[in-house]
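**Student:** structure, please.
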Amino acid sequence: MNNTLYYWAERIDSYTSDNKEDYDKIIEIKRLNFFIGKNNAGKSRFLRSLFTSSLNIKDNNFFDLTHEIQKLKELLDKFNRDIIMNNTLSYSYRTDLSKLLSHLINIPKFPKTIYKKEFLENFAHVRKYSFDRSDTFSNAIYDIDLILEKNETILTTTTDIDKKYIPILRGMRPVTDMENKHPYIERAQKDYFSNSQKYNSSNIITGECLYSDLKTHLLGEPEQRDLIKDYEEKLSQYFFDNEPVSLIPKHDQDVVNIKIGKDKQFPISQLGDGLQQAIILTYEAFTKKDEIYSLYIEEPELHMHAGMVRQLMNFYLNETNHYYFFTTHSNHLLDMADESDQVIIQKFVKQPKFEDPKEFEFKIYRCDRDRDLLASLGVKPSSVYLANCTIWVEGITDRLYVTKYMEKYLSELENSDLEQYKKYRRFMPNYHYTFVEYAGSNLTHWSFSDDYADHLEDKGLSAKAVASEMLLIADGDIQGKADRVRILKSELNKENYYILECKETENTLPKASIVRVAKVRFPRMKPETKKSYDISLIDDITDENYFDHANYGIGKLLDSKIKKPSSTTKKNAFADGNGVGTIKYKLDFCREIIKDFDENPDWQLTPKAKALCERIFKHIEKCNQ
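**Tutor:** Residues are numbered from 1 along each chain as shown. Here you go, the predicted model:
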C-alpha cells in the first residue's frame, strides 16, 4: 500500500509536474515541502494558489491499491477450479471476477474523489467471491480492507482544518502609529488576495498582530497563559541556548518586549532580525499545535543564520503537527531530505512551450540530491565552513546513522540526565557543528598537520585550511591499515580522532532494526538467491551483540546465519562480495534502517553507538564553550 500524500491546487494554468506517471497535475507532499528554483520560476505563484484553493490535502489525495489487486489477480490465475459466489459454485464466475479485478487495476486514480467512489463500489462486488478451502483469497480481501481503514485514518489526521499564509513582507515592529492598522497584511491583500473578507489577519501572518495576541493570551484563561509559558520554553530550547525567555506585551508600548536570562528587559526591536523572524514563524504554529494546519511560507531563511534555519525546521517537525510549504533559496536546507523522510524538495523550472516558444510553462520536478539543485539556488561549488567544529565521517551513510544516533541519545538523556540534556540540546547543526564526508581511501590525501600542504603532493589537501576544529571518526577496520593509523596518530591529537571498536558503523546498529530491515529486503531478492537462504533462520539470532563484530560486516553476519545448511551456493544474499562482508547497497539499506527507526520509536542505542554519541557531544561542547 502506498501511503504517499499528494496535493494540487485548482485552476493552475501552465503548471505540470513530473512527480508521478500518468498524473501531471499532482505533487507528492510530506510534512516539510521545499519549493526551489531560480527567480521567476513560478514558485511563489504556485504557493499562493495552494493557499487560496478550496481543496485541501484530503480532497487531493488518493490511495493506490494496484499492487494489492494485482496479487488478487495472480491468485485467481493460479486457481483453475470453480469459483464460489453467494454459496454457488460456477466456473463462469472466473471470467466475471477477472474482468472486475482488471477494471479495478485500470481505474484512473485522480481526481481522488471520483476514483475512491468507483473503486469502493467495484471492490464491494469482489468481496462476494471466494475460491479455495484455505481461504487465501478471503484473507487477501481482509488485508485490503485493513489498508483501506488505515488510509482513511491517515487522511483524517492530515485534513487541513485551516490554512495560513506568511508573506515575505513581515515584521514584529509596527510601521504606523494608527491603531488596528496592519500595513503588511493590507499590502498582501492588495497584491495577492482581493477578497479581504476571506483573506485577512485570521489567516495572513505578518507578525503585526503578535503584540495583541500575546496580550489576549496572558490576560486570558490559565490554559492560555500556560500555552505561552510552554512556547517561551521551546523558544529557549531551540533559539536562545536554553536561556530563560519571556515575551511581554508591555502596556505603555506598541511593541513586544523580551527578557532573556538575567538580562534587562528590552523592546523586541533591539533583538536581532533573525530571532524576530524565528518568533514570527513559530508563534502561530506552536499556539495551534493541537490542530493540523497547512502553512504557506515565503523565504523562511530571511535574516537567519543557516544553523538557525535548520533549528526552525526541527522545531516544525518536533513540536507541531502541521504541514509546511516553503519557497526558498537556501541551500542549507537541501540535505534535510537525507536526514528525514518527512522532507521533500520540489524544483520549479520555467521553460518555453513546445508548441509556441514565445509562451512559457512551468514544470515541477521531485528531486532529492541532483547537481542542478545547487545551480537552481545560485550556489557555487566552493564552500565556506561556518560551523564552530566539524565531525569527519567516511561517507553519507555514516553521517545519516550518526545524525539519528545523536537524536536518540538526546531523547534518552532527557530522561536520565536533564541538566546534561539542556546543555546538549542547544547545539545546532551547521552552526555549532557540521559534518564532513572524507571517503575512507581518500583519507591518505588529506594532511592534518599545521604545515603547508603542497597540492602537487599525494597529501595535497589541507584539512585545517578548510575545516574548523575536527573530530575524525574512523571505522575499526582501519586498524588493519597501519599507515593510515600512523598518519592519524602523528598528525592529530588524541582528542581529534575516534576509531570504532568494530568493523564499521553498521556494526553499531541495534539487532532488532537490522533483523526487521533484512526481513523486508529479502523477499525482493532474485529467486535464485532466495533458494539458498531461509530468512526465517534470522529469528535464531538471540545474542543482542551478534552484529557487533571487529572483523566482519553485517552483510556476511546475516548471510552466515540464514544460509540453508544444505546450500553450497557462492552467491551472497546481503554481503557485498566474499570478503569482509560489508552490507550490499549500503545507502538503500541505510535509508530503510532510518525508516525503521522512525516507525519503531522505542529502538535503543547499542553500547558502542552510545559511546560514539558521548564522544561527539563532548567534542561539540568543548568547541562551543
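
**Student:** direction included, what does the longest strand anywhere in the chain pair against?
**Tutor:** Using DSSP state E, we find that the single longest strand of the chain is strand 343-352. Here strand 343-352 has these sheet partners by DSSP bridges: strand 32-36 (parallel), strand 360-367 (antiparallel).

**Student:** out of these, which one sits most buried?
**Tutor:** With neighbours defined as mean count of other C-beta atoms under 10 Å, these peak in mean count at strand 32-36, which reaches a mean of 23. Heads up, the C-betas are built off the backbone N, CA and C, glycines and all.

**Student:** ok, and what's touching the helix or strand just after that one?
**Tutor:** Downstream of strand 32-36, the first helix or strand assigned by DSSP states H and E is helix 43-52. For helix 43-52, contacts defined as C-beta atoms under 8 Å, 6 or more residues apart in numbering pick out 7, 9-12, 15, 35-37, 163, 165, 192-193, 199, 294, 296, 298, 325, 327, 348, 362, 364.

**Student:** could you give the angle of helix 43-52 to strand 360-367?
**Tutor:** 80 degrees (axes from the mean of the first three to the mean of the last three C-alpha atoms, to 10 degrees).

**Student:** what mean pLDDT does helix 43-52 have?
**Tutor:** In this model, helix 43-52 has a mean pLDDT of 94.

**Student:** after it comes which helix or strand?
**Tutor:** Following helix 43-52 in sequence, per DSSP H and E, is helix 57-60.

**Student:** what helices or strands is the next helix or strand after that next one leaning on?
**Tutor:** As assigned by DSSP H and E, the chain's next helix or strand after helix 57-60 is helix 66-78. Applying 3 or more C-beta pairs under 8 Å, 6 or more residues apart in numbering; DSSP states H and E, one finds that helix 66-78 contacts helix 92-106, helix 136-157.

**Student:** after the longest one, which helix or strand is next?
**Tutor:** So the one you mean is helix 136-157. Assigned by DSSP H and E, the successor of helix 136-157 is strand 162-166.

**Student:** with just CA atoms, put that following strand into PDB.
**Tutor:** The C-alpha trace of strand 162-166 is given here as PDB (Å, rounded to 0.1, in the frame of the first residue of the first chain):
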ATOM      1  CA  ASP A 162      -7.400  25.800   8.100                       C
ATOM      2  CA  LYS A 163      -4.600  27.400   6.100                       C
ATOM      3  CA  LYS A 164      -2.200  30.100   7.000                       C
ATOM      4  CA  TYR A 165       0.000  32.300   4.700                       C
ATOM      5  CA  ILE A 166       3.200  34.000   5.800                       C
END
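
**Student:** what sits closest to residue 15 if chain neighbours are left out?
**Tutor:** Leaving aside its chain neighbours, residue 15 sits nearest to residue 362 (4.9 Å; criterion: C-beta to C-beta, 6 or more residues apart in numbering).

**Student:** reformat the helices and strands packed on helix 66-78 as CSV; add distance to residue 416, mean neighbour count and mean pLDDT.
**Tutor:** Rendered in CSV, the data for the helices and strands packed on helix 66-78 read as follows (distance: least, C-beta to C-beta, whole Å; neighbours: other C-beta atoms under 10 Å; pLDDT from 0 to 100):
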stretch, distance to residue 416, mean neighbour count, mean pLDDT
helix 92-106, 52, 15, 87
helix 136-157, 32, 14, 74
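
**Student:** okay, those helices in CSV with distance to residue 181 next?
**Tutor:** Formatted as CSV, the helices and strands packed on helix 66-78 follow (distance: least, C-beta to C-beta, whole Å):
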stretch, distance to residue 181
helix 92-106, 58
helix 136-157, 39
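
**Student:** among those helices, which comes closest to residue 19?
**Tutor:** helix 136-157 (18.6 Å; C-beta to C-beta).

**Student:** where does the nearest residue to residue 474 once chain neighbours are set aside fall, phi/psi-wise?
**Tutor:** Taking C-beta to C-beta, 6+ apart, and ignoring the residues beside it in sequence, residue 474 has residue 499 as its nearest neighbour in space, at 4.9 Å. Per-residue torsions, residue 499: phi -100, psi 120 (degrees, to the nearest 10).

**Student:** what of residue 16?
**Tutor:** phi -140, psi 160.

**Student:** skip the chain neighbours and tell me the closest residue to the residue positioned nearest the centre of the chain.
**Tutor:** Nearest residue to the geometric centre of the chain (C-alpha atoms, centre = their mean): residue 340, 2.4 Å. With C-beta to C-beta, 6+ apart as the criterion, residue 340 has its nearest non-adjacent residue at 6.7 Å, and that residue is residue 317.

**Student:** can you tell me the element the one you found falls in?
**Tutor:** helix 306-319.

**Student:** next SSE downstream of that helix?
**Tutor:** According to DSSP H and E, the helix or strand after helix 306-319 is strand 323-327.
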